[in-house]
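Undergrad: Take a look and give me a structure for this.
(2 chains)
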Amino acid sequence: MRFRLKDLEEFLVKKPDWKKAVDLLNKKFFETNLYKDYLEVDILPNRFNDSGNIFGLAREISIILNIPLRIKKFNYKKQSLHKNREYQKIYIKTKNCLNYDGILILDAKITSSRKWLKEFLEFYEINSVNFLVDLANYAMIKYGAPLHLFDLDKINKNIYVRQAKEKEKFVSLKEEEYELNKDDIVIADNEKILALAGIQGSKTSEVDSNTKNILLESAIFNPLNVYKTSRRLNLKTQASFRFERKVNLYFKNLTLNYFLSLIYNNKLGKISENLFSYSKTKERENKIILNLEKLFNYLGREISKDLILKTLKLLECKIVKYQKNNIELITPFYRTDLISDVDLIEEIIRLIGYESIDYNNPKFYHFPKENQNLLYQDEVRNILSKAGFTEIYSYSFISENDNQLFKEFFNNNKIELIKIINPVSNLFSFYRPFIFINLIKTINVNLNLFNWLRKRDFNFFEIGRVGYKKEDNFIELDNLSLISTTSYPQKSYFRIKGTLNYFFENLNLEKIKYNPFQNKIKYFDSLNLIFYKNEIIGLLFILSKELLSKYDIKQDISGAEIFLDKLYKFIFINKEKIFTPPISNPAIFRDISIIVPLYISAFEIEEEITKICGNILEKIELFDVYSENNLLSNEKSLSFHLIFRDKKRTLSDEEINILLEKIINHLKIKFKVKIR
Amino acid sequence: MKEKLENILKEAQQLSEYIKNLEDLENFRIKFLGRQGLLSEIIKNIKSLSSEQKREFGSYFNFIKNEIQKIYNDKKELILKPKVDYFDPYHPGEKIEAGKINLISKELKIIREIFLKLNFNIEIGNEIVSEYENFDSLNIPPHHPSRDLWDTLWIEKSENKKNKNLLLRTHTSAHQVELLKKYKYPSRFIILGRVFRHEATDQRHEIQFHQIEGVSIGPNSNISELKSVLNYFFENYFNKKLEIIFRNSYFPFTEPSFEIDIECIFCNKKGCNVCKFSKFVEVAGAGMIHPFVLKQANISDDKYFGYAFGLGFERLVMLKYNINDIRYFFSGDLRFINQF
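TA: Numbering: from 1, shown residues only, chains lettered A, B, ... in the order given. Below you'll find the predicted structure:
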């Protein structure tokens, strides 16, 4: 809230050094900035009801700077009501009206506002209406509580403060119609709604230039109702802002009396005795026992009792009893935020200053424990960055459009998306169920950024949270996604697969298997499940050109999504590793090249060869594939390195030659291979 | 005669320049030193000379022959010697194409390590939490203006589920009560992770960022320890001695509550654009845990107390590296990522 310096100075006996004041307000109160002739203070919700007004902030300044406060007296006279006239009766029909004073101002003079007042209101962001209404707002800014004026002659018979009925209509001052519900509090007469309590009056009871008599309302409403109504209808006013923050009785009465004195002194009408008074709340004194040991515990050291007492006095706390380490005291009734001893501890500490607190190194409570999953993630990052993949952090949301494109994929995985009720935009409609979807966008971003360099090769990964609903349960998991793109067809797939092999090898996860997904899924050219120990630990896929064109990408993308949660339990595998001494027996090295039908996978050949050779085959490695030139269109050539070695003896060339013969014969029968 | 010999030598010297390989070398040898070579031809004429002249010519002939032989030998040695490339130390090194670990990961790791040294356990937590965890358990009741301090992204409920409202955590404080229940008294832990806000994005605001929540309860978990912990943290994170100030503030889940500013690391308190000429920058919120929160965790608020603090991670990293726009972090822009 902004405050003009001259308005604050009115309440202070001495003009403060504003630079110093702002520095201290910053440290001991709230964030404050000083401008040419005003302050801007970020008053947080706990203190708004006592210091969100000129008088209240002046008091805070007086405490902090130790400048006496100038307190003003209000004088006015009330007249008794005309006996021969029948006035409206007020009925409180809801427990959410906590306090209500109705006062009549008869024979009111409605004039246009004064220049100084218009300037004042403009600064405090309130529209000027007429002198009387403006003065009511002036009083609110000065003393905190909203007031409301009704044109008495527009009120039909009685006045009811009640909860609204479902679907009841309210017409605002701007003549906009709002539909109400049972949470809303209204001020109504026998036929219409006069005001939405604590928020705004209705056009139907507005004070205008023809108004003769006025009903002045000074009330307190339940903050919860005002908050709910104002949010639901998106109708925020200075009044609602204040009522939400709990108007307290002390400021309510101050504001009312100040306003009445303004009416009286400016001769703007005849003030009646209260037409009606209702109160569920009283100015109650709050008693708190402050245990000094607790204060010292919080501070980490003792401070002098004199200092404590002096500070409490500054806060206008009344000391009732002081025994040993307990101070029993009564808080000032304008500080309704001071409820328990910790609130007082804060007051004392902020006023003596945080800089006066010592530094104390932490004493040992327990051995610190690192999070195992985070450690595992660190390891994953190291491996993948070495493999040429760069780590991305993308958004945790996917768009409506993504949802449409991957619908079939989600359905096949039996997952339902987690929907955000109030997304920032439709780009962020759902919590992400997989990471790779956003990595596609990252590729697009970088293809565009680096287009001028003709850079078309990107490898990305991301580790992060994903979530979805499965059978109505919310599931949250850690995933890892890898994605790769190149301008050469198919290369990205083998890069991902090779990287996965390197990745699993480094994590000591052996015998990883890839099996195609049972169904053909739209927008996936290839989709494979990754298995470890008979458990699905991820997906490996090639995205279709059709899909990629929807993301404006004209080259291949392949990727993988690894379910990290399923790998965390294998974190200790590395630690179980046992050293195997190198075998000193010489190895025998052979290459074989075969021509096979196109549909036979190298993997099948490898498996078959491994089966035939048994233990003496130390390693088999595919090193060349081609399917051009002199081959038939349905053939390809595969070449393997084979390394043979036996732990116990030296192998002879002859036996390996025999073995190779056997392999070739077997492959000829089983796969109809030809030898090159 | 002598003149002829000199001419042969001259020719040999000139021709030797063109010897590039063994073949050239052999041709050279045949031409000058071979049996029918130029030198052999000239020696045939020796018979016509007197013995005096013979001696004189003979010694000169030998001299020339030796000279040519030397040229031949030198060339032969040069050609037969294995070719050595000229070593250029200024030639560019081989390019290593490794990937990058993201700045976020690197800095989070540094932060984890500092807090481990300070005796804090490291915790994470779910990103989707209940309204109770994020708000009610932290003394932020429904329909209270203090809720406005966190603009929330709400999650659509499952039809068959009870009336439990779910949301994306707006702060990692959401796990405080749950973890206080788990760890009991005394203990120290930090909770780090992604948090979310319903916010219009700009240079300083994002709909998601990371937060580090710290909690310490125990006999020494007072404001002096907190001052010391944060001081150690900031000095180690920024690798610099820093002035730190505490300012009064308000959070529903701490009392007293304060905000922490550190001196601007760019201008050494001279005032600059980063600190908006205030010489200090806000880096954390903290306070003594509110008795309400302790009660939620079944910890006696009469006997026990502790503090909590919250650090905005991206804000710290932005300060450390002078990053002027928070939106870089989740942009996937390699021009950003590859700088770190």
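
Undergrad: Which parts of chain B are strands?
TA: Applying DSSP state E to chain B gives strands spanning B:121-123, B:128-130, B:154-155, B:166-168, B:187-196, B:208-217, B:244-251, B:254-263, B:280-289, B:306-312.

Undergrad: Now the phi/psi pair for the residue nearest to B:Ile223 when sequence neighbours are not counted, please.
TA: Nearest residue to B:Ile223 in three dimensions, chain neighbours excluded: A:Ile357, at 5.2 Å (C-beta to C-beta, 6 or more residues apart in numbering or on different chains). In this view, the C-beta of every residue, glycine as well, is placed from N, C-alpha and C. Taking degrees, to the nearest 10, you get phi -90, psi 140 for the backbone angles of A:Ile357.

Undergrad: got the contact list for A:Ile357?
TA: A:Ile357 makes contact with A:Leu299, A:Gly300, A:Arg301, A:Ile349, B:Ile223, B:Ser224, B:Lys227, B:Phe246, according to C-beta atoms under 8 Å, 6 or more residues apart in numbering or on different chains.

Undergrad: Tell me the predicted confidence for it.
TA: Listed pLDDT for A:Ile357 reads 92.

Undergrad: Also A:Asn574?
TA: At A:Asn574, pLDDT is 58.

Undergrad: got JSON lines for the contacts of A:Ile357, with neighbour count, distance to A:Leu564 and pLDDT too?
TA: As requested, the contacts of A:Ile357 are exported to JSON lines (neighbours: other C-beta atoms under 10 Å in any protein chain shown; distance: C-beta to C-beta, whole Å; pLDDT from 0 to 100):
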{"residue": "A:Leu299", "neighbour count": "21", "distance to A:Leu564": "45", "pLDDT": "94"}
{"residue": "A:Gly300", "neighbour count": "19", "distance to A:Leu564": "42", "pLDDT": "92"}
{"residue": "A:Arg301", "neighbour count": "13", "distance to A:Leu564": "47", "pLDDT": "91"}
{"residue": "A:Ile349", "neighbour count": "24", "distance to A:Leu564": "45", "pLDDT": "95"}
{"residue": "B:Ile223", "neighbour count": "26", "distance to A:Leu564": "39", "pLDDT": "96"}
{"residue": "B:Ser224", "neighbour count": "19", "distance to A:Leu564": "40", "pLDDT": "96"}
{"residue": "B:Lys227", "neighbour count": "22", "distance to A:Leu564": "38", "pLDDT": "95"}
{"residue": "B:Phe246", "neighbour count": "24", "distance to A:Leu564": "40", "pLDDT": "94"}
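
Undergrad: how about those residues in CSV, adding distance to B:Asn338?
TA: Formatted as CSV, the contacts of A:Ile357 follow (distance: C-beta to C-beta, whole Å):
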residue, distance to B:Asn338
A:Leu299, 48
A:Gly300, 46
A:Arg301, 50
A:Ile349, 47
B:Ile223, 42
B:Ser224, 43
B:Lys227, 38
B:Phe246, 38
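
Undergrad: What is the nearest of those to A:Tyr76?
TA: Among these, A:Ile349 lies closest to A:Tyr76 (C-beta to C-beta), at 41.9 Å.

Undergrad: Tell me which residues touch that closest one, please.
TA: Applying C-beta under 8 Å, 6+ apart, the residues near A:Ile349 are A:Tyr298, A:Leu299, A:Ile357, B:Ile223, B:Pro256.

Undergrad: Excluding chain neighbours, what is closest to residue 117?
TA: No chain specified, so I'll use chain A. A:Asp134 is the one closest to A:Leu117 (C-beta to C-beta, 6+ apart), at 5.2 Å.

Undergrad: if you could check chain B rather than the one you did, that'd help
TA: A:Pro368 (7.6 Å).

Undergrad: any idea how far the one you found is from A:Leu375?
TA: 13 Å (C-beta to C-beta, to the nearest Å).

Undergrad: same question, A:Asn438
TA: For A:Asn438, the distance to A:Leu375 - C-beta to C-beta - is 25 Å.

Undergrad: got it, and A:Leu25?
TA: A:Leu25 is 46 Å from A:Leu375, by C-beta to C-beta.

Undergrad: what's the answer for B:Glu23, then?
TA: Look at B:Glu23 and A:Leu375: by C-beta to C-beta, they are 68 Å apart.

Undergrad: Could you do A:Thr255 as well?
TA: When A:Thr255 is compared with A:Leu375 (using C-beta to C-beta), they lie 60 Å apart.

Undergrad: Would you mind telling me which of the two has more residues around it?
TA: In this view A:Thr255 and A:Leu375 are compared by other C-beta atoms under 10 Å in any protein chain shown, and A:Thr255 has more residues nearby, 25 against 15.
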